[in-house]
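S.K.: for reference, the sequence and a predicted model appear below.
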Amino acid sequence: MKTLIEFFRTRQRFVLTTHVNPDGDAIGSEIALALWLRSLGKSVQIINHNATPFVYRFMDPDGSIRAFDASRDAAALRDADAIVLLDTNHVSRVGSMEAFVRSSPATKICIDHHLDPEPFSDFTLITPEATSTGEILYKLLCSAIPGALPRDIAEALYVAIMTDTGSFRYPRVDAFTHRMVATLLESGADPVELYNQVYNRWSLGRLRLLGEMLSTMETACEGRIACVSVTREMLRRTGTLEEDTDNFTTYPMSVEGVVAAIFFLELDKGFKISFRSHGDIPINALAQEFGGNGHKNAAGARLEGGTLDEVRRRVVAAAEQLLMTRR
């Protein structure tokens with residue numbers, strides 16, 4: 001961390017980016033790091049493959065985060081002193097920016113909390129035990145900033161940690177997590193306002209989409225597995241986007257007796273699959289069977305081709321095999 005902080009202090013031009021379909025941890029981490037670097041007089045651009053989801057735009061009121069456009073942004077990636085990948089440790093996860101990131105002569109920095117990193121970066125700050133990338137940045141910024149954290153940085157970190165811990169209820173939450181959050185509150189983060197901004201601003205279409213998704217719920221393995229789906233037609237019918245399915249995995253996980261949940265989202269080509277589990281069920285092992293990865297209790301994968309019924313059957317069968325070894 002000390003080496004990385006010194007590097008940040010001695011370079012001028014930074015590009016920050018994250019994975020496709022950025023979540024609260026990704027956006028909050030980008031904003032927190034950008035705020036600190038700008039306070040040092042650095043030139044900082046946040047460029048992502050996707051536009052910022054609606055629920056997180058309140059943290060970027062000036063709209064400084066932009067979706068990548070090669071004709072406009074290739075030069076920024078080429079000329080940067082450093083490109084920082086946050087909340088992902090595989091360059092392929094930055095989507096349309098991948099080739100430009102790989103070919104850039106800029107120093108590559110990876111700050112993340114996921115497993116199995118790709119060895120691409122010059123500086124790698126990865127803590128798989130952390131609840132979130134926001135937690136890693138909290139430690140870094142507390143080391144770099146004398147005294148209390150500025151309120152805007154505390155707010156961004158709070159959103160990052162809150163969203164990636166499921167509002168502080170996932171297994172890695174411990175006493176340190178709450179001490180960390182207490183510090184952020186003392187620095188001015190408002191837990192009620194930030195929670196309302198992220199979780200209590202649903203559109204009517206999103207609520208209708210949730211209802212349609214819940215109607216698809218099926219269980220397997222004697223009620224230990226629950227599956228739900230969202231199709232392109234459901235998105236069209238409710239006037240919603242892929243980002244509106246954020247946190248939908250929490251609903252099948254809330255069913256009594258369910259220890260593993262699988263959420264299928266139909267894409268233009270293939271499917272995005274989100275896996276969740278309770279306790280000692282290593283759901284990332286299931287994601288790995290389908291080319292994905294993640295944490296022990298939260299993981300994901302993407303599959304191309306096939307119909308929804310075919311993909312559900314394949315994945316559920318593999319999930320049943322996994323659970324049979326965990327009785």
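M.R.: All right, it came through fine.
S.K.: mean confidence for the helix or strand that contains Cys110?
M.R.: Under the criterion of DSSP states H and E, Cys110 resides in strand 107-112. In this model, strand 107-112 has a mean pLDDT of 98.
S.K.: which residues of the stretch 51-200 of the chain fall in strands?
M.R.: Ranges of strands in the stretch 51-200 of the chain, per DSSP state E, counting those that start in this stretch, are 66-67, 82-86, 107-112, 123-126.
S.K.: highest mean neighbour count out of those strands?
M.R.: Across these, averaging neighbours per residue (mean count of other C-beta atoms under 10 Å) puts strand 82-86 on top, at a mean of 27. From N, CA and C alone the C-beta is placed, and that goes for glycine too.
S.K.: tell me the angle that one makes with strand 107-112.
M.R.: If you take axes from the mean of the first three to the mean of the last three C-alpha atoms, to 10 degrees, strand 82-86 sits at 10 degrees to strand 107-112.
S.K.: report all helices and strands that strand 82-86 contacts.
M.R.: strand 13-18, helix 24-39, strand 107-112 (3 or more C-beta pairs under 8 Å, 6 or more residues apart in numbering; DSSP states H and E).
S.K.: what separation do you get for Ala261 and Leu194?
M.R.: 26 Å (C-beta to C-beta, to the nearest Å).
S.K.: neighbour count for those two, which is higher?
M.R.: When neighbours are counted by other C-beta atoms under 10 Å, Ala261 comes out ahead of the other of Ala261 and Leu194, with 26 against 22.
S.K.: helix or strand: which one has that one?
M.R.: Assigned by DSSP H and E, Ala261 falls in strand 260-266.
S.K.: what's downstream of that strand, the next helix or strand?
M.R.: strand 271-277.
S.K.: tilt between that following strand and strand 260-266?
M.R.: Using the same axes, to 10 degrees: strand 271-277 against strand 260-266 is 170 degrees.
S.K.: show me what strand 271-277 is packed against.
M.R.: Strand 271-277 packs on helix 250-253, strand 260-266, helix 283-289, strand 298-303, helix 308-324, going by 3+ C-beta pairs under 8 Å, 6+ apart.
S.K.: so which of these is the most surrounded?
M.R.: Highest mean neighbour count among the helices and strands packed on strand 271-277 (mean count of other C-beta under 10 Å): strand 260-266, a mean of 24.
S.K.: elements contacting it?
M.R.: Going by 3+ C-beta pairs under 8 Å, 6+ apart, strand 260-266 lies up against strand 225-230, helix 250-253, strand 271-277, helix 308-324.
S.K.: what's the spacing between the residue of the chain most remote from its centre and Leu323?
M.R.: The centre of the chain is farthest from one residue, Glu222, which by C-alpha atoms, centre = their mean lies 31.2 Å away. Glu222 sits 9 Å away from Leu323, going by C-beta to C-beta.
S.K.: same question for Ala148.
M.R.: The value you get for Ala148 to Leu323, if C-beta to C-beta is used, is 47 Å.
S.K.: so is Glu233 in a helix, a strand, or just coil?
M.R.: Counting by DSSP: H, G, I helix; E, B strand; the rest coil, the backbone at Glu233 sits in helix.
S.K.: the lowest-mean-pLDDT helix or strand in the chain pairs with which strands?
M.R.: Lowest on mean pLDDT, DSSP states H and E among the helices and strands of the chain sits strand 293-294, with a mean of 88. When pairing is defined by DSSP bridges, strand 293-294 lines up against strand 298-303 (antiparallel).
S.K.: chain center to the partner strand: distance?
M.R.: 12 Å (C-alpha atoms, centre = their mean, to the nearest Å).
S.K.: follow-up on the earlier one: show residues contacting the strand holding Ala261.
M.R.: The contact list for strand 260-266, computed with C-beta atoms under 8 Å, 6 or more residues apart in numbering, reads 224-232, 242, 245, 248-249, 252-253, 271-278, 281, 283, 286, 308, 311-312, 315-316, 319, 322-323.
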